[in-house]
Every structure is written in structure tokens, then in C-alpha cells.
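Peer 1: Got a predicted structure plus its sequence, pasted below:
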Amino acid sequence: MKRIFIVLFWLIITIGFALKIYSLFYMGIFDMEVYQEWGLNTLTKGLAGSYMGVYFPFQYQVFEFGSWLSQVLNIEYYIAYKLVNLAFDIGNLVVLFLILRKLSLSPFYLLIYWIHPWFLNMFSLGYIDFQFTFFILLMVLYSFKDTSRDYLIAGIFLGFAFLMKPQVQIILLTLFIFASIRYFRARDIRLFHIFIFPVVLFLNYTLYFSITDGNPLRLANVYINIANHMPCLNANCTNFWFPAAYYIKDADAPIYSVSDEITFIGIKVRYFAVLAVLSLIYIFSRKMEKNENIKMPDNPVLLLTCFSALVVPFLMTSAHENHMFLGTVLLIPVMGLTRSLIFKLCTHLLLIIQFINLYGYYHLGEIQNLNLPAYNYPYSIALIYSYIAVFIFIIMLMHFLRKFKSQ
């Protein structure tokens with residue numbers, strides 16, 4: 001029987017790999033055209049001459065590699081970019097396996113990541129979330145021993161992720177809040193070592209921009225003003241703000257037409273969102289530090305990272321349909337750590353809703369040989385899924401705050 005399960009496991013892995021290879025040769029989300037523009041400009045003009053913000057410098061250099069690969073192999077840019085994604089995707093699978101092994105969890109949890117329609121659809125559309133997720137998973141893996149040395153190593157991977165996409169900012173902030181609480185409670189500075197390399201890497205890029213264009217604040221301004229890039233209430237994400245945007249927007253307007261600059265009792269709604277996120281992160285960090293009897297991970301980094309990666313896309317304004325990706329990946333080992341059937345069910349339902357939402361907007365990309373059924377996905381249907389997703393999130397939030405503990 002064990003041999004049958006092993007054969008079945010590798011058969012599913014092979015099928016997932018074949019599906020990803022098949023989808024390489026078809027155009028994904030329209031964002032890939034922008035990735036190519038940034039990558040090609042970085043390749044021809046250099047980072048300083050092409051950097052426009054939105055994402056951070058190391059991500060531009062990954063784009064640059066994709067454009068270079070396209071030219072060297074003489075292939076379409078989207079194939080090259082998806083090949084880069086595939087390398088990170090396989091890396092995620094390997095690191096996730098190592099995390100599951102550290103936690104003594106079944107490797108069959110890997111199949112959720114590798115073959116679930118939500119993750120397959122994300123890959124077929126060419127989203128780059130696979131890339132910074134790889135570094136976050138490595139950070140989690142090297143955090144398990146809860147030693148200064150291991151946190152220092154984990155910080156290397158956190159540093160690269162921090163220089164890629166804005167979603168990592170809240171993870172770094174969450175860990176800093178927890179490290180500060182731990183320090184003031186027990187004078188423990190171990191976790192602070194995880195911030196050394198991110199600071200060093202940020203300062204190196206700052207020095208680079210200072211030398212090349214004479215602007216030492218160029219990178220800092222991008223980080224500070226990142227929320228102003230697309231100041232909308234919601235951008236196709238099934239979260240708390242979707243119903244609000246739905247009822248506020250004009251009848252024929254897109255959901256992202258509603259600005260998060262609107263006010264409530266004279267205060268911009270984005271500030272309410274920030275306050276809610278920071279409050280929950282602080283409450284959860286306090287809980288992680290106070291609870292001492294635990295048979296969960298040896299340290300709270302996995303739970304803290306998963307928690308923040310879920311709270312932000314559910315409660316922050318300007319959340320996109322792909323912003324749930326990291327949180328859903330981290331939910332896989334977290335789901336394995338709990339005995340709660342309700343939490344496991346909520347996780348699976350959340351993954352299904354994310355797939356339906358993503359497929360509803362963009363299908364699988366321009367994959368022409370698949371005769372898939374037409375799927376009408378008006379905002380009125382997305383509204384229903386948003387209500388369900390928010391309800392699921394509230395249940396999971398209660399579980400995080402009441403059930404999960406840390407050593």
C-alpha cells in the first residue's frame with residue numbers, strides 16, 4: 001500500500017509539471033508585457049537608468065535576467081519569464097518539502113501546492129509571486145532553530161524578498177514588532193539578527209543610486225510612497241473592501257475605480273485599514289510571546305509570517321487578486337499543524353474561492369487549444385464570493401488568535 005501511495009505521489013507531481021510546461025508557451029496576464037518592458041529597459045539602460053518603482057530593485061534585476069534569457073534562447077519573452085517562474089516554483093516545492101519534514105508533516109501536503117487549480121492558474125497567468133515566496137519560504141526554513149546564527153542566515157533570504165515586492169514590507173514589520181515585544185519582555189535580541197542583511201542590502205542599493213544618479217533618497221521614497229501607486233479601495237481581491245467598492249462605484253465602472261482616498265468621519269479609509277492591520281499584528285505578536293506551552297513550531301516565525309500574509313490582503317485597501325498567494329502557500333504547513341477540521345476546511349474553501357475569482361477574471365491566459373467553458377463572472381458574483389471569503393477569514397482569524405500558540 002505504501003508503494004502505491006509513493007507511485008501515486010510522483011505521478012501527480014509529474015502531471016503537475018507537465019501542465020506547467022504546457023502553459024509556458026502561451027501568454028499569461030497582461031502584466032507580463034510590463035515585466036518585459038522593465039526587464040528590457042534594465043538590460044539596455046542599467047538599473048539606475050530604468051528603475052521606475054512599483055516593485056523594488058532586485059525584482060527588476062530578475063526581470064532583466066528574463067529578458068536576457070529571451071534573447072539568448074531566441075524565444076518569446078513570456079516563455080522566458082515563465083521559465084524563470086518555473087525555476088522558483090520548483091524551488092518552492094523543494095523548500096516546502098523541507099519545511100514539512102522539519103514539522104514532521106506528510107509530504108502529501110506538497111500536492112496541494114503543486115496541483116491545486118489556484119496555484120496552477122497563478123502559474124499559467126505568469127504572476128511573479130512565486131519568486132519572492134521562494135525567499136520567504138527559505139527564511140521560514142532557516143528560522144526553526146531560533147538561534148542568532150540561524151536568524152542571521154534567514155535574514156539573507158528576507159533581504160532579497162524585501163528588495164522584490166511590497167508585500168514583504170508587512171512581514172518585516174511584523175517580525176520587528178514581535179522581536180521588540182520579546183526584547184522588552186525577556187531582553188532577548190536573537191530575532192533582531194534577521195534584520196541585519198535586509199538593512200545592509202537596502203543600504204547597498206541606496207548607495208548604488210546615490211553614486212549613479214546622485215539621489216540618496218530615490219529608493220527610500222519608493223518604499224515610503226508605494227501605497228500611492230494604485231490608491232484604490234479594491235483591485236479584484238475577494239476581501240473586506242470589495243463589497244464597499246461594489247456599492248460605491250458607478251454602475252458600469254470597474255471595481256478599482258473607487259479610490260481609497262475617500263473619507264469616513266473625516267478620515268481616509270486607508271488609515272482605518274492600516275490601523276486594523278497593525279492592531280491585529282500587535283495583538284497576535286503579543287499572543288505569540290506570552291504563550292509558552294506549545295507543540296507547534298520551535299519558534300513563531302512561520303505563524304507570524306502566515307498571519308501577516310493573510311491579514312494584509314484581507315484588510316488593506318488596493319489589494320489585488322494575486323495578493324493572497326503567499327498567505328495560501330504558508331497555510332499549507334500551518335494547516336498540517338492544527339487538528340481543527342474547521343480550520344482545514346476553511347483553508348480548502350479559501351483556495352477554491354481564490355481560484356474561482358482568478359479564473360473568473362482572467363481564465364488561464366491565452367491558452368488557445370483548451371476548449372474550456374465560457375464563464376460569466378460579473379461583479380455581482382464576485383461580491384458573493386467576497387462575502388464568503390471574508391466569513392472564512394474571520395473564522396481563521398479567530399483560530400489564529402485563540403488556538404495557535406508559540407513556544
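Peer 2: The structure has been received and is ready for your questions.

Peer 1: I'd like to know how far residue 339 sits from residue 400.
Peer 2: 15 Å (Cβ to Cβ, to the nearest Å). Using the backbone N, CA and C atoms, a C-beta is placed for each residue, glycine as well.

Peer 1: Tell me which of the two has more neighbours.
Peer 2: Ranked by neighbour count (other Cβ atoms under 10 Å), residue 339 and residue 400 place residue 400 first, with 22 against 7.

Peer 1: For the more buried one, which three-state class applies?
Peer 2: helix (DSSP: H, G, I helix; E, B strand; the rest coil).

Peer 1: May I ask which helix or strand encompasses the nearest residue to it once chain neighbours are set aside?
Peer 2: Leaving aside its sequence neighbours, residue 400 sits nearest to residue 307 (Cβ to Cβ, 6 or more residues apart in numbering; 5.6 Å). If you go by DSSP states H and E, residue 307 is part of helix 301-315.

Peer 1: Can you list the helices and strands that that helix packs against?
Peer 2: helix 129-141, helix 167-186, helix 269-290, helix 325-337, helix 379-402 (3 or more Cβ pairs under 8 Å, 6 or more residues apart in numbering; DSSP states H and E).

Peer 1: Out of the ones you listed, which is closest to residue 70?
Peer 2: helix 129-141 (16.5 Å; Cβ to Cβ).

Peer 1: chain center to the following helix or strand past the closest one: distance?
Peer 2: Using DSSP H and E, the helix or strand that follows helix 129-141 in sequence is helix 148-162. Offset of helix 148-162 from its chain centre (Cα atoms, centre = their mean, to the nearest Å): 17 Å.

Peer 1: quick one: contacts of helix 148-162?
Peer 2: For helix 148-162, contacts defined as Cβ atoms under 8 Å, 6 or more residues apart in numbering pick out 56, 58, 132, 135-136, 138-144, 168-169, 171-172, 175, 189-198, 200-202, 301.

Peer 1: by how many degrees do it and helix 325-337 diverge?
Peer 2: 140 degrees (axes from the mean of the first three to the mean of the last three Cα atoms, to 10 degrees).

Peer 1: What residues sit buried inside helix 148-162?
Peer 2: 150-162 (16 or more other Cβ atoms under 10 Å).

Peer 1: In PDB, could you pull the C-alpha coordinates for that helix?
Peer 2: Output in PDB follows, covering the C-alpha atoms of helix 148-162 (Å, rounded to 0.1, in the frame of the first residue of the first chain):
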ATOM      1  CA  SER A 148      21.000  34.100  16.400                       C
ATOM      2  CA  ARG A 149      23.100  32.400  13.800                       C
ATOM      3  CA  ASP A 150      20.100  30.900  12.000                       C
ATOM      4  CA  TYR A 151      18.200  34.200  12.100                       C
ATOM      5  CA  LEU A 152      21.200  35.800  10.600                       C
ATOM      6  CA  ILE A 153      21.100  33.300   7.700                       C
ATOM      7  CA  ALA A 154      17.300  33.600   7.400                       C
ATOM      8  CA  GLY A 155      17.700  37.300   7.100                       C
ATOM      9  CA  ILE A 156      19.700  36.900   3.900                       C
ATOM     10  CA  PHE A 157      16.600  35.400   2.200                       C
ATOM     11  CA  LEU A 158      14.300  38.000   3.900                       C
ATOM     12  CA  GLY A 159      16.600  40.700   2.500                       C
ATOM     13  CA  PHE A 160      16.200  39.600  -1.100                       C
ATOM     14  CA  ALA A 161      12.500  39.200  -0.700                       C
ATOM     15  CA  PHE A 162      12.300  42.700   0.800                       C
END
